[in-house]
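**Student:** need a structure here:
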Amino acid sequence: MEYNGINVITTKQLATFFHTNVTRIYTIFNRYNEKFEEGKDYFLLSKKDIEEWSKSVHLPGLKHTSLLYLWTDQGAFKIAQSFKGLKAWQGYCNCIHYFYGSEEDWQTVLNELFEKMARKVAEK
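**Tutor:** Numbers count the residues shown, from 1 in each chain. Okay, the predicted model is just below:
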């Protein structure tokens, strides 16, 4: 699904990717809020924005929603950094599959992630 031409997912979908709940995603977001940039990592839609956007997207339950976070790939991967072990790996894979689709695209993204992780380890 898209918002302003950018692939996005809802907080509920993101929580599903990481086998957690929406509250945990919001807790991570609130704890590391300064690391997230609105318009780049996420979009926060008001009631009016939701009404307009929902005309092009079918998501049940939006009628009674007053605020909605939509996460970009970058925001989803920032959330992923808070998870460890198998849960993190499964979440990364789910995000890659959702945002990038094909296996070839997966390999490119995974290689970039591994390089980034290696740089972080080297910095420590």
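**Student:** what's the helix or strand for Phe43?
**Tutor:** strand 42-46 (DSSP states H and E).
**Student:** so what does the very next helix or strand once past that strand touch, helix or strand wise?
**Tutor:** From strand 42-46 onward toward the C-terminus, using DSSP H and E, the following helix or strand is helix 47-53. Taking 3 or more CB pairs under 8 Å, 6 or more residues apart in numbering; DSSP states H and E as contact, the helices and strands that helix 47-53 lies on are strand 67-71. C-beta coordinates here come from the backbone N, C-alpha and C atoms, glycine included.
**Student:** what comes up buried for the strand it packs on?
**Tutor:** Within strand 67-71, the residues that count as buried by 16 or more other CB atoms under 10 Å are 68-71.
**Student:** just checking: what are the partner strands of that strand?
**Tutor:** When pairs are called by DSSP bridges, strand 67-71 turns out to pair with strand 9-10 (antiparallel), strand 42-46 (antiparallel).
**Student:** just the ones you listed: most buried one?
**Tutor:** Taking mean count of other CB atoms under 10 Å as the contact definition, the stretch among the strands paired with strand 67-71 with the greatest mean neighbour count is strand 9-10, which reaches a mean of 20.
**Student:** good, wrapping up.
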